[in-house]
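Novice: Dropping the sequence and predicted coords here.
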Amino acid sequence: MSSIETRIRTTREHILEVAGKCGRSNEVKLLAVSKTKPVEMIREAWECGQRDFGENYVQESVDKIAELSDLEGIVWHFIGPIQSNKSRPVAENFDWVHSIDRLKIARRLSEQRPNNMTPLNICLQVNIDNESTKSGFTANEVLAAAKEIVALKGVKLRGLMAIPAPSEGHEQQRRPFKAIRALMDRLKIQFPEQQLDTLSMGTTGDMGAAIEEGATIVRIGTALFGARDYSKA
Ligand SMILES: *Cc1c(COP(=O)(O)O)cnc(C)c1O
């Protein structure tokens, strides 16, 4: 077995094991975060049955999507910050955007989504630690933002995404995820007619804690593709 095949298998087993322990088998999706990694690795992961891939940089990802257009059933998720002057290629090339951090971006993506494509699935990024350096809506802003976003035609609100500040202990890791989950519950009550089924949270270092708190998509890069070398990016 290739190392990617082994890593995908091990990661899937880990997800199933944690999810199973909380009685939530089969509802946690593995998003393979392939930023900075070559298309050959993505192709190899696809051959192992992986379908969902996450990218962070607009130009890099648009080039890769074009090169890999022969891979049937592949689903592309944008998970990085979006400058408003770079939103169009995201609207035209992706299936999902997890990193909606302000209303302006949601409005632009909605306007720029081509009419012949299904609405772009989006998650609101929540700045759960209220860190001034981090992007995203604060917990207090989410409900008002969602109210405007559900009225947009070119995007479909699916849930929330968070990147908590790194922390070591398992209980410490669970705390911000629990807060996101609580916010998601409020969102669902407020908008019962929306298909709010997505909690995008958990990376290589904290996926166990995230799944325990209800993650439905975990975004995993390092565990699948190895450490990233930014000097070459
Ligand atoms: C890079 C990235 C990941 C993957 O992180 P790993 O620690 O490599 O698993 C997940 N989410 C976001 C938003 C990222 O930018």
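Specialist: Nice, thanks for sending it over. Here the structure is a predicted model, which means the values were calculated and not measured.

Novice: So the host helix or strand of residue 18, near the ligand or not?
Specialist: When secondary structure is defined by DSSP states H and E, residue 18 falls within helix 3-21. No. Taking Cβ under 6 Å from any ligand atom as the criterion, helix 3-21 and the ligand are apart, separated by no less than 9.7 Å. To be clear about C-beta, it is placed using only N, CA and C from the backbone, and glycine gets the same treatment.

Novice: Quick one: mean pLDDT over the helix or strand just after that helix.
Specialist: Sequence-wise, the next helix or strand beyond helix 3-21 is strand 29-33, with elements assigned using DSSP H and E. Strand 29-33 shows a mean pLDDT of 98 in the predicted model.

Novice: Show me what the next helix or strand after strand 29-33 is packed against.
Specialist: Using DSSP H and E, the helix or strand that follows strand 29-33 in sequence is helix 39-47. Helix 39-47 sits against helix 3-21, helix 58-67, helix 222-225, with contacts defined as 3 or more Cβ pairs under 8 Å, 6 or more residues apart in numbering; DSSP states H and E.

Novice: Between helix 39-47 and the helix holding residue 18, find me the angle.
Specialist: With axes from the mean of the first three to the mean of the last three Cα atoms, to 10 degrees defining the directions, helix 3-21 sits at 50 degrees from helix 39-47.

Novice: CA-only coordinates of helix 3-21 in PDB, if you can.
Specialist: The C-alpha atoms that make up helix 3-21 are tabulated as PDB, following Å, rounded to 0.1, in the frame of the first residue of the first chain:
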ATOM      1  CA  SER A   3       1.700   5.800   2.200                       C
ATOM      2  CA  ILE A   4      -1.300   8.000   1.200                       C
ATOM      3  CA  GLU A   5      -3.500   4.900   1.000                       C
ATOM      4  CA  THR A   6      -2.400   3.800   4.400                       C
ATOM      5  CA  ARG A   7      -2.800   7.300   5.800                       C
ATOM      6  CA  ILE A   8      -6.300   7.700   4.400                       C
ATOM      7  CA  ARG A   9      -7.300   4.300   5.700                       C
ATOM      8  CA  THR A  10      -5.900   5.000   9.200                       C
ATOM      9  CA  THR A  11      -7.600   8.400   9.300                       C
ATOM     10  CA  ARG A  12     -10.900   7.000   8.200                       C
ATOM     11  CA  GLU A  13     -10.600   4.200  10.900                       C
ATOM     12  CA  HIS A  14      -9.800   6.800  13.500                       C
ATOM     13  CA  ILE A  15     -12.900   8.900  12.600                       C
ATOM     14  CA  LEU A  16     -15.200   5.900  12.600                       C
ATOM     15  CA  GLU A  17     -13.800   4.800  16.000                       C
ATOM     16  CA  VAL A  18     -14.400   8.100  17.700                       C
ATOM     17  CA  ALA A  19     -17.800   8.600  16.000                       C
ATOM     18  CA  GLY A  20     -18.800   5.100  16.800                       C
ATOM     19  CA  LYS A  21     -18.000   5.700  20.500                       C
END
